[in-house]
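Asker: only the shape, not the letters, is given here:
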């Protein structure tokens, strides 16, 4: 009788472990899908910026944007949530590219152009929501994502500090 009880217990433990393993495999698969989607979205944005740069205007070429490297103001005041560069994802246990910064702001806060330039793109973009790309000339661009409202259109000229959008959380993959 005792041997039967032990076998039943072991059978139950084996079934529970099998269910747990199956659940972990499903979660791993879902996480890989999310990571793949994030990587695909990053590539799509890089492709958009490259396309804009290749066919973009040279109207801002005389602005000397490069000399302001490291001196530009933030587009909106707030706490830095995620710095520039690849970040280790606790969820995925891998490095995830992060070609920008994330700033904690109040929804609706005015977002300002960091430098003068021309609006190269102003529309919805998968994963980034309302997206604005400013062409500052000499191959320099700045990208503003997740806006609740875009206040400029492609082709508009903007001045440094001009309000170009309202902060929001549109399009986030998370």
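Answerer: Structure's in. What do you need? Source: prediction; values computed, not measured.
Asker: which pLDDT value belongs to the most centrally placed residue in the chain?
Answerer: The C-alpha lying nearest the average C-alpha coordinate of the chain belongs to residue 128 (C-alpha atoms, centre = their mean; 6.0 Å). Looking at residue 128, its pLDDT is 89.
Asker: what's the distance between it and residue 75?
Answerer: Distance, residue 128 to residue 75, by C-beta to C-beta, to the nearest Å: 14 Å. In this view, the C-beta of every residue, glycine as well, is placed from N, C-alpha and C.
Asker: over to residue 52?
Answerer: Residue 52 sits 18 Å away from residue 75 when distances are taken as C-beta to C-beta.
Asker: with neighbour numbers in mind, choose between these two.
Answerer: Legend: neighbour count by other C-beta atoms under 10 Å for residue 52 and residue 75, higher for residue 75 (24 against 18).
Asker: isn't that one right next to residue 144, touching?
Answerer: Yes: here residue 75 reaches residue 144: they are 6.0 Å apart, a contact under C-beta atoms under 8 Å.
Asker: mind listing the shared neighbours of the two?
Answerer: Common contact partners of residue 75 and residue 144 (C-beta atoms under 8 Å, 6 or more residues apart in numbering): residue 111.
Asker: for this protein, what spans make up the helices?
Answerer: All helices of the chain, identified by DSSP state H, fall at 2-55.
Asker: neighbours of the closest residue to residue 158 other than its chain neighbours, just the number please.
Answerer: Once flanking residues are discounted, residue 158 sits nearest to residue 113: 4.6 Å by C-beta to C-beta, 6 or more residues apart in numbering. By other C-beta under 10 Å, 24 other residues sit near residue 113.
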